[in-house]
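Visitor: Quick one, fold the following:
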Amino acid sequence: MNTPKITFNGLAVSLSGHTLQIGDKAPSFQLVGNSLEPVSSDRFAGRVLVISCVPSLDTPVCSLETRRFNQEAAALPGDVTILTVSRDLPFAQARWCAANGIKQVLTASDYRNFGFAQDYGVLLEDLGLLTRAVFIVDKQGIIRYIQFVPEVTQEPDYKEVLAEIQKVL
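Guide: As a prediction, this is how the structure comes out:
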């Protein structure tokens, strides 16, 4: 997979970081949870992990996306975790989750050092935010699906993501 071409409000933006491929071992990560606790990739070992990267939960499309994945998660098997990652401060993520009744999706922040953003190739260089992307990692820690949404202000293809989750189970 080549570096995807991404636009933000119709303007081309640059991504920074590693370009991952389907079949690659998912990079390990250390994020920050809503209570400032570490959220490590080790926590998801032996589970199917769906990683939804968003610019900010406090924006309309990111809010819609995370609420939609929260709804869809209720119908997924217990060994599937949906993790939404943004650069929002953990306090803002906790507030947003409480206000929106988010119980099925875990949120975590990459606000400290862009480590996740660089390792997953989702850093919007000029904006300091994550681009909109979805990764599915199987129980062995292998990336089985990648979707970069070409226009950051649009939602991902949920139907495709859900179908790919079923293939990994």
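Visitor: Now the terminal residues of stretch 146-160, how far apart.
Guide: Counting by Cα to Cα, to the nearest Å, you get 11 Å between the two ends of stretch 146-160.
Visitor: buried residues in that stretch?
Guide: Buried residues in stretch 146-160, counting neighbours by 16 or more other Cβ atoms under 10 Å, are found at 146-149, 152, 156. Where C-beta positions appear, they are placed from N, C-alpha and C, glycine not excepted.
Visitor: Just the ones of those in strands?
Guide: Per DSSP state E, strands hold the following members of the buried residues of stretch 146-160: 146-148.
Visitor: hmm, back to that, report the two of the buried residues of stretch 146-160 separated the most.
Guide: The span of these, defined through Cβ to Cβ, is set by 146 and 152 at 15.8 Å.
Visitor: Tell me where this protein is predicted with low confidence.
Guide: Scanning the chain for pLDDT under 70 picks out the ranges 1.
Visitor: Please enumerate the helices of it.
Guide: Taking DSSP state H, the helices of the chain run over residues 60-73, 90-100, 115-120, 158-168.
Visitor: Convert the C-alpha atoms of the second one to CSV, please.
Guide: The one in question is helix 90-100. Provided in CSV are the C-alpha atoms of helix 90-100 (Å, rounded to 0.1, in the frame of the first residue of the first chain):
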residue,chain,number,x,y,z
PRO,A,90,-8.1,12.2,28.1
PHE,A,91,-10.4,14.6,30.2
ALA,A,92,-12.1,15.7,27.0
GLN,A,93,-12.5,12.1,25.8
ALA,A,94,-14.0,11.1,29.2
ARG,A,95,-16.4,14.0,29.1
TRP,A,96,-17.5,13.3,25.6
CYS,A,97,-18.0,9.6,26.3
ALA,A,98,-20.2,10.4,29.4
ALA,A,99,-22.2,12.9,27.5
ASN,A,100,-22.8,10.5,24.6
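Visitor: what would the ones in strands among the buried residues of stretch 146-160 look like in TSV with distance to residue 126?
Guide: Putting these into TSV (distance: Cβ to Cβ, whole Å) gives the following:
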residue	distance to residue 126
146	22
147	22
148	17
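Visitor: Pick the most buried one from the helices of the chain.
Guide: Highest mean neighbour count among those (mean count of other Cβ atoms under 10 Å): helix 115-120, with a mean of 21.
Visitor: Can you give the distance of that helix from its chain's centre?
Guide: Centroid separation between helix 115-120 and its chain, computed with Cα atoms, centre = their mean, to the nearest Å, is 11 Å.
Visitor: and what of stretch 72-85?
Guide: How far stretch 72-85 lies from its chain's middle: 12 Å, per Cα atoms, centre = their mean.
Visitor: Between its first and last residues, what's the separation in it?
Guide: One end of stretch 72-85 sits 17 Å from the other (Cα to Cα).
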